[in-house]
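Participant: predicted structure and sequence below. I'll ask about it afterward.
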Amino acid sequence: MRRLLLRTVRAAKPLVVSSAILRQPTRLSADVSSDYQARRHFSDYGKRRENDVVVVAIGWFGSQKRHLGKYCEAWQQLGAREVVCYTPSLPAMFFKGFCDREARRFLDTARRNLPCNADGSPPTKVIWHVFSQGGFTFFGSVLRQLLERPDELPDPELIENSSVVFDCGPCLRLTKEDAVVGVLTGLGGRDENFALNLYSKTPFKMIWDFGWTIYDSAHYSNWSAEVLDSFDRARFRSQYYLYTAEDKVIKTEAIVEFMERQKGLGSAVTARKWETGEHVQLLRRHQKEYTRTLSEIIGKTS
């Protein structure tokens, strides 16, 4: 089992996407170096973007490259200079050790591959687009690496003056109900109502609650607190929260609680709430309004 998990983690690669690569999808490779070579090959393709905003999108639990592709396209159509989309592996979502190692590899690749400013310095205009609690967990590991190993990893410009956009999250702490809906929708492709209905069945609920209690007390609780602490320490000046009243994975009240905490720390918080739409389905359900919101964000950043 351990060998299988190791192979899974090693197979998880950052997906570096540029406008040229999206127009030439067959040129994409699963290998990081091949992706980077393809990006370099097409670096002069088409008209140069007028702004210097780099977007880094981190997917949710169970997300795949095809899920993030539509967000990459949206950012590029809005004029982002470069878009990096990354889907964390499943082991990284369950185990802190896997997540930390994967975050280090992700940052090492970002340091070598992200476009630099004219003077050779790292990009100073970065938008992190983070999805759900799974994306926030991986994001927290990335931030901890940036905060605690600045000499080995990209310069602090990846945090300073950067903005973060949260899609359908995060919360201060997952409940047993939040977790079961997130896992079943992420792994099984089931909708939220199916997950809640299954959780209402006594045998399943007893097994899940017992397993989650052990996992939470032995592993997740401390890990979650560490992720939150890393984000608090990063002190992102501009934070945007996009969420829906119909979300059954991370409910509105939990997101509002998280936002209030950040306001108390002095961060500038902007919220956009939709009354309809399922978890991480806002772009599909409200494409025009969602894209307009991203356009406003990139306009304030560039």
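Facilitator: Received the coordinates, thanks. Numbering: from 1, shown residues only.
Participant: what is the neighbour count of Leu172?
Facilitator: Counted with other CB atoms under 10 Å, residues neighbouring Leu172 total 13. C-beta here means a position set from N, CA and C on the backbone, and glycine is covered the same way.
Participant: which ones are touching it?
Facilitator: 228, 254, 257-258, 261 (CB atoms under 8 Å, 6 or more residues apart in numbering).
Participant: just the element for it, please.
Facilitator: If you go by DSSP states H and E, Leu172 is not part of any helix or strand.
Participant: could you pull out the helices for this structure?
Facilitator: Assigned by DSSP state H, the helices in the chain fall at 2-11, 19-23, 32-41, 65-77, 90-94, 96-113, 132-148, 176-188, 192-199, 202-215, 221-234, 252-264, 282-285, 287-301.
Participant: just these: most buried one?
Facilitator: When you average the neighbours per residue for each of the helices of the chain (mean count of other CB atoms under 10 Å), helix 132-148 leads with a mean of 23.
Participant: re the thing from before, I'd like the helices of the chain as JSON lines, with distance to Ser162 appended.
Facilitator: Formatted as JSON lines, the entries for the helices of the chain read as follows, by distance: least, CB to CB, whole Å:
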{"stretch": "helix 2-11", "distance to Ser162": "27"}
{"stretch": "helix 19-23", "distance to Ser162": "21"}
{"stretch": "helix 32-41", "distance to Ser162": "21"}
{"stretch": "helix 65-77", "distance to Ser162": "15"}
{"stretch": "helix 90-94", "distance to Ser162": "22"}
{"stretch": "helix 96-113", "distance to Ser162": "13"}
{"stretch": "helix 132-148", "distance to Ser162": "10"}
{"stretch": "helix 176-188", "distance to Ser162": "26"}
{"stretch": "helix 192-199", "distance to Ser162": "31"}
{"stretch": "helix 202-215", "distance to Ser162": "32"}
{"stretch": "helix 221-234", "distance to Ser162": "9"}
{"stretch": "helix 252-264", "distance to Ser162": "15"}
{"stretch": "helix 282-285", "distance to Ser162": "22"}
{"stretch": "helix 287-301", "distance to Ser162": "8"}
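Participant: surely Val164 meets Phe131?
Facilitator: No - with contact defined as CB atoms under 8 Å, Val164 does not reach Phe131; the gap is 11.6 Å.
Participant: what about the stretch 201-302 of the chain, any weak spots by pLDDT?
Facilitator: Along the stretch 201-302 of the chain, segments meeting pLDDT under 70 are nowhere present.
Participant: swap the cut-off to 80 and go again
Facilitator: Scanning the stretch 201-302 of the chain for pLDDT under 80 picks out the ranges 237, 302.
Participant: still on that earlier bit, farthest pair within the contacts of Leu172?
Facilitator: Distance extremes for those: the farthest pair is Leu228 and Ala254 at 12.7 Å, using CB to CB.
Participant: between Val164 and Phe131, who's got more neighbours?
Facilitator: Taking neighbours as other CB under 10 Å, Val164 and Phe131 compare with Phe131 leading, 28 against 24.
Participant: residue contacts, the more buried one?
Facilitator: Applying CB under 8 Å, 6+ apart as the definition, the contact partners of Phe131 turn out to be 57-60, 63, 166-169, 280.
Participant: pLDDT score for it?
Facilitator: According to the model's per-residue confidence, Phe131 sits at a pLDDT of 97.
Participant: JSON lines for the contacts of Leu172, including distance to Arg285?
Facilitator: Putting these into JSON lines (distance: CB to CB, whole Å) gives the following:
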{"residue": "Leu228", "distance to Arg285": "29"}
{"residue": "Ala254", "distance to Arg285": "20"}
{"residue": "Glu257", "distance to Arg285": "24"}
{"residue": "Phe258", "distance to Arg285": "22"}
{"residue": "Arg261", "distance to Arg285": "28"}
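Participant: of all these, which comes closest to Phe139?
Facilitator: Nearest to Phe139 out of the contacts of Leu172 is Leu228 (CB to CB; 11.1 Å).
Participant: ok, that closest one to Met259 distance?
Facilitator: Relative to Met259, Leu228 is positioned 13 Å away (CB to CB, to the nearest Å).
Participant: please consider this matter closed, and thank you.
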